[in-house]
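**Student:** Predicted structure and sequence below. I'll ask about it afterward.
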Amino acid sequence: MCPESTGRRRRAAAVGRAVAIAAALVVALAFVPGIAAAQSVEGIGGTVVVAEGETVEEVSAVAGNVIVEGTVTGDVNALAGNVYVRGQVDGDVAVAAGNLELDGDVGGDVAAGAGSVTIAEGATVDGDVTVAAEQTTIAAGASVGGDLTYAGELAGETDGVDGEVTRDDSLVSTGIEVGPSVDPLVGWLSAAYAFVMNLLLGAILLAVFPRFSDSVADRVANDPLRSGLVGLGVLIGVPLVLVAVAITVVGIPLSLVGAFAFALAIWIGIVYGRFAVAAWLLAAVGVESRWLALVVGLVAGAVLATIPFVGGLLNFLVFLLGLGAFATALYALRGRRSPREGAGGQVAS
């Protein structure tokens, strides 16, 4: 393999790691959301901050904003609306974000999938910068010790880049579920695998729990606002409960089991959300078919995942609808009064 091909593959892998954080952190942080430990910051929340004068070992966060004003001796990994590095990061910075602004110092590499990336005046990056963004801006006075590889538009000055400056549009992500790849075949195979696994789970749900699945779809169609709000509440509230349970030694095994169950519920919520929204739209044009809705919903979700930013947002909203309707339908099972209905019986609305 030629050195250029190897370099392209390495750079694409760097951005792939940044975007893959979006999926990995959601599951990993479900175990320990909102915790600020002495040596690390891990959390899900509105804003995660390393304050000026504070030193932590690493930062892993899913948040609206991640702000580093102090010192991080290791890496910063984040899925966020905005990431601001104003202090010092000794390791790597890998993010999937709406905006990434570097105003401080980074001792390692920077890899990002973002709407915009800005390396401000006076900022330094000792390693390589690899970004897939709509716009990357390098201010006068910024310093990059390694190579700058980007996809999208480049603005500003590159005099401070010691290595090569290369535009490589193959870095553009194929979506949060799949991850980017230099080789398109790998991306398609990954997408096909994700689709088949979602289809398999959906088929099991529809075949084993047909009426329950219909009730989930009905709740999305009849009260989408409530379903979405319940989904958001479950996404935030359940991890907090698991952490509260884990505080006691006796509760640790229970919290671990709960965390795995919650991860499964997340997956079910994704599949049910796509199924329910597709069933809703098909019903609007007079088509009633569970199986068609499942296939159409999963295909549409996979297509949306290829659309940067907007597609991910829409898929997230659909997921909240599915998770909320699923949780509400499960709660409604407790209200059934007739023991004769069994597991496949009609679920109360």
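**Tutor:** That came through fine.

**Student:** Tell me which stretches of the stretch 1-150 of the chain form strands.
**Tutor:** 35-36, 40-50, 55-56, 58-68, 71-72, 76-85, 88-89, 93-102, 105-106, 110-119, 124-125, 129-138, 143-144, 148-156 (DSSP state E, counting those that start in this stretch).

**Student:** so where does G269 fall, helix or strand?
**Tutor:** For G269, the element it lies in under DSSP states H and E is helix 251-284.

**Student:** What is that helix packed up against?
**Tutor:** With contacts defined as 3 or more Cβ pairs under 8 Å, 6 or more residues apart in numbering; DSSP states H and E, helix 251-284 has these neighbours: helix 3-28, helix 184-208, helix 210-222, helix 224-246, helix 290-304, helix 310-333. (C-beta placed from N, C-alpha, C; glycine too.)

**Student:** Rounded mean pLDDT for it, please.
**Tutor:** Averaged over helix 251-284, pLDDT sits at 87.

**Student:** I'd like to check the angle between that helix and helix 210-222, please.
**Tutor:** Interaxial angle of helix 251-284 relative to helix 210-222 (axes from the mean of the first three to the mean of the last three Cα atoms, to 10 degrees): 70 degrees.

**Student:** Show me what counts as buried in helix 251-284.
**Tutor:** 255, 258-259, 262, 265-266, 268-280, 282 (16 or more other Cβ atoms under 10 Å).

**Student:** What of stretch 290-310?
**Tutor:** Buried, per 16+ other Cβ under 10 Å, within stretch 290-310: 290, 293-298, 300-302, 304-306, 308.

**Student:** cool, stretch 117-135 as well?
**Tutor:** For stretch 117-135, by 16+ other Cβ under 10 Å, it's 117-120, 123-133, 135.

**Student:** who wins for proximity to L148 among the helices and strands packed on helix 251-284?
**Tutor:** helix 3-28 (10.2 Å; Cβ to Cβ).

**Student:** for the record, mean pLDDT for the closest one?
**Tutor:** The predicted model assigns helix 3-28 a mean pLDDT of 50.

**Student:** picking up where we left off before, export the strands of the stretch 1-150 of the chain as CSV, with columns for mean pLDDT.
**Tutor:** Output for the strands of the stretch 1-150 of the chain, formatted as CSV (pLDDT from 0 to 100):
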stretch, mean pLDDT
strand 35-36, 36
strand 40-50, 65
strand 55-56, 90
strand 58-68, 80
strand 71-72, 94
strand 76-85, 84
strand 88-89, 94
strand 93-102, 86
strand 105-106, 95
strand 110-119, 87
strand 124-125, 94
strand 129-138, 88
strand 143-144, 94
strand 148-156, 89
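
**Student:** I'd like those strands as CSV, with distance to P224 appended.
**Tutor:** Compiled in CSV, the strands of the stretch 1-150 of the chain are given as follows (distance: least, Cβ to Cβ, whole Å):
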stretch, distance to P224
strand 35-36, 33
strand 40-50, 24
strand 55-56, 40
strand 58-68, 23
strand 71-72, 40
strand 76-85, 23
strand 88-89, 41
strand 93-102, 25
strand 105-106, 42
strand 110-119, 27
strand 124-125, 44
strand 129-138, 30
strand 143-144, 46
strand 148-156, 34
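
**Student:** To V245, which of those lies closest?
**Tutor:** It's strand 35-36; of these, that one is closest to V245 (Cβ to Cβ) at 13.9 Å.

**Student:** on that earlier part again, closest to G113 out of the buried residues of stretch 290-310?
**Tutor:** Checking those one by one against G113 (Cβ to Cβ), the nearest turns out to be P308, at 8.3 Å.

**Student:** so what's Y272 up against?
**Tutor:** Shown in contact with Y272 (Cβ atoms under 8 Å, 6 or more residues apart in numbering): 205, 213, 216, 322-323, 325-326.

**Student:** Adding neighbour count and pLDDT, write the residues you listed out as a markdown table.
**Tutor:** As requested, those are exported to a markdown table (neighbours: other Cβ atoms under 10 Å; pLDDT from 0 to 100):
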| residue | neighbour count | pLDDT |
| --- | --- | --- |
| L205 | 20 | 92 |
| S213 | 25 | 93 |
| V216 | 30 | 93 |
| G322 | 29 | 93 |
| L323 | 26 | 93 |
| A325 | 29 | 93 |
| F326 | 28 | 94 |
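
**Student:** count of neighbours near R334?
**Tutor:** The number of residues packed near R334 is 7, by other Cβ atoms under 10 Å.

**Student:** residues touching I119, list them.
**Tutor:** Neighbouring residues of I119 by Cβ under 8 Å, 6+ apart: 102, 125, 129, 137-139, 142, 144.

**Student:** now F316: how far from L79?
**Tutor:** For F316, the distance to L79 equals 11 Å [Cβ to Cβ, to the nearest Å].

**Student:** got the buried residues of stretch 290-310 as a markdown table, with distance to V230 and pLDDT columns?
**Tutor:** Output for those, formatted as a markdown table (distance: Cβ to Cβ, whole Å; pLDDT from 0 to 100):
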| residue | distance to V230 | pLDDT |
| --- | --- | --- |
| R290 | 22 | 90 |
| A293 | 21 | 93 |
| L294 | 22 | 94 |
| V295 | 26 | 93 |
| V296 | 24 | 93 |
| G297 | 19 | 93 |
| L298 | 22 | 93 |
| A300 | 23 | 91 |
| G301 | 20 | 89 |
| A302 | 25 | 85 |
| L304 | 22 | 85 |
| A305 | 24 | 79 |
| T306 | 29 | 77 |
| P308 | 28 | 76 |
